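*Asks:* Sequence first, predicted model second:
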Amino acid sequence: MNYHFNWSVLWSGQSGAWLLQGLVTTVELSVLAWLLALILGVISGALRTVAIPPLRWPAAFYVEFFRNVPLLVWMFFWYFAVPPLLPEPLREWLFDHGAEFWAGVCALGVYHGARFSEVIRSGIQSIPKTQFEAAVSTGLTMAQAYRLIVIPIALRLIIPPATNESLNLLKNSSVALTIGVAELTFQTRQIETYTAKAFEALTAGTLIYLILCLAIAAIMARVERRFAIPGMIAQGQTGEF
Amino acid sequence: MKRVVVILLAAFFLIFMNARSGGADTTLEKINRTGTLTIGTRTGSPPFAYINKNNDWVGFSIDLVEQAVIPVLSKKLGKQIKLEKKESTPQTRIPLLTSNAVDLIAETMTDTKERREAVDFSLTFFVTGAQFLVKKGSPIKGIESIGGKRIAAQQGSTNARIIRERVPSAKLLEFPDQPAAFQALAQGQVQAYTNDGIQLAGLKAKAPKPDDWAIVGDFFSHEPYGMAMRKNEPELRDLVNAGLAEAINSGKYFRLYDKWFGPKGEVPYPLTPETKQFLQKQAVPK
């Protein structure tokens, strides 16, 4: 290939600062979206398992609607279709204060919430039904049984698939560049624009994503070891016995 | 964990080693062997390169390749060379070239100093400069009046960079493509959209109500468009330049210009006398 690598473009000029800014934006976007996804996922995932159909179907609708429409469409939806519904002063305020970032958080959070929901539902359904019955027989209401017994156990069971989803969320945050959020992928393109060194910039971006994901996987592995329920999950051993 | 990292680094290293070797043909030899010139061009940049209503991939840049570059190549190689088009964007065009996926970029690429370090450019085949597209009656009149305003730009363009340097108080929002940026302007997410004047003229002409929009401001950048090639391919570059020079000298260039930018063209954009003179002067006489 007729191409001369010049890795110094990554630390000369503003490239380093841009990569750092991009990294910070990616982490902020992902963390906020992750919290939103977790809340939505727990609520809708739990609702899908209750014995009352009118509670089950809105949760089922949420999951099927939001996970089956491409994330890119959701980005455009939150950025272009939602603001016109807001009152004028609020809309102008939002546009002046990073509307694209919040649209990105909503799109990513709501989309991944639907996917988290399925993970949590499968966690709840893997708990023997007798646990729930035992909880109710001690005098807890259904809501209390879910809040105090079922969901805490489910959350401890689903750590491996939840790690998977979290990593997907982090990587999907790059889709936010389509609505102008200056996250990590955006900044690698920026470096390419200024220096015409595409391969160097993309390699730097790739390595940063890789390191971020490995770090998350390592943290989640620790969490898994700490919270594993003996007998219900292979205690943090990654696949081997 | 350590082992995983070592393996990954080794894999990266191998990929790059591989990428460095191979491909001993010059581009001209490759074109001769395959009988095809592969170009990278845009699909949504009227009238330079776009898909028209009949679903044909056409435009001024494509016409120039077909009618100025291909004849010279065919004559040199002694056989009819076919044209193959692939889509390129500001982000992909240099990687497409350097990875040998295409041989020539013919779209709306500005010739800049940094880009010249990565690729070689042909003669300039079009000259424009950055301006702003605004809603009619907007208080924005040019680069002097965008302080504190929300401005959209196309990511990967030279204009965004100039605004960032000259008006740091402007809130710059960069979109990967023209339709998203225009949508943001139409809905008020931004108050102006900056791009090369000719691109804005194309956008305005294609808008549902062209009269609602105004292109304002003097050129705040100089954007000479060139065709890009892989570095150190003097034979190909000389042939492309010879084709463009011949088209300018013979008047074919100006007929094509009239077809796309004339009063009846896709995007009327009269050629200024200075630009015409500049084009004629850079074309070496026979």
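*Replies:* Received it, and whenever you're ready, just let me know what you need. Numbering: from 1, shown residues only, chains lettered A, B, ... in the order given.

*Asks:* where does chain A dip in pLDDT?
*Replies:* A:1-3, A:233-241 (pLDDT under 70).

*Asks:* which helix of it spans the most residues?
*Replies:* helix A:15-47 (DSSP state H).

*Asks:* Any idea how many residues pack against the closest residue to chain B within chain A?
*Replies:* Residue nearest to chain B within chain A: residue A:196 (3.8 Å; C-beta to the nearest C-beta). Every residue, glycine included, has its C-beta placed from N, CA and C. The number of residues packed around residue A:196, counting by other C-beta atoms under 10 Å in any protein chain shown, is 22.

*Asks:* next one: residue A:87
*Replies:* Neighbour tally, residue A:87, other C-beta under 10 Å: 8.

*Asks:* And residue B:245, by the same measure?
*Replies:* 22.

*Asks:* And the closest residue to it other than its chain neighbours, how far from residue B:131?
*Replies:* In space, and not counting its chain neighbours, residue B:245 is closest to residue B:283: 4.0 Å by C-beta to C-beta, 6 or more residues apart in numbering or on different chains. Distance, residue B:283 to residue B:131, using C-beta to C-beta, to the nearest Å: 27 Å.

*Asks:* repeat for residue B:82
*Replies:* 38 Å.

*Asks:* Residue A:11 now?
*Replies:* For residue A:11, the distance to residue B:131 - C-beta to C-beta - is 35 Å.

*Asks:* Same drill for these two, tell me which one is more crowded.
*Replies:* Taking other C-beta under 10 Å, residue A:11 and residue B:131 do not tie; residue B:131 has more neighbours (27 against 10).

*Asks:* Which parts of chain B are strands?
*Replies:* For chain B, strands defined by DSSP state E occupy the ranges B:36-41, B:44-45, B:49-51, B:57-58, B:82-87, B:104-105, B:119-128, B:130-135, B:150-154, B:171-175, B:192-196, B:213-216, B:223-230.

*Asks:* and those as TSV, adding distance to residue A:45?
*Replies:* Listed next are those as TSV, based on distance: least, C-beta to C-beta, whole Å:
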stretch	distance to residue A:45
strand B:36-41	46
strand B:44-45	41
strand B:49-51	44
strand B:57-58	47
strand B:82-87	41
strand B:104-105	49
strand B:119-128	51
strand B:130-135	45
strand B:150-154	39
strand B:171-175	35
strand B:192-196	42
strand B:213-216	48
strand B:223-230	51
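
*Asks:* Which among the ones you listed is found nearest to chain A?
*Replies:* Across the strands of chain B, closest to chain A is strand B:171-175 (C-beta to the nearest C-beta), at 4.3 Å.

*Asks:* can you pull the pLDDT of residue B:92?
*Replies:* Listed pLDDT for residue B:92 reads 87.

*Asks:* Distance check, the closest residue to it other than its chain neighbours against residue A:79.
*Replies:* Ranked by C-beta to C-beta, 6+ apart and with sequence neighbours excluded, the top spatial neighbour of residue B:92 is residue B:40, at 7.6 Å. Using C-beta to C-beta, residue B:40 is found at 29 Å from residue A:79.

*Asks:* Now for the residue in chain B that chain A sits nearest to, how many residues are close by?
*Replies:* Closest to chain A within chain B is residue B:118: 3.8 Å, counting by C-beta to the nearest C-beta. Neighbours of residue B:118 under the rule other C-beta under 10 Å: 22.

*Asks:* quick one: it and residue B:229 touch, right?
*Replies:* No: counting by C-beta atoms under 8 Å, residue B:118 stays clear of residue B:229, with 11.0 Å between them.
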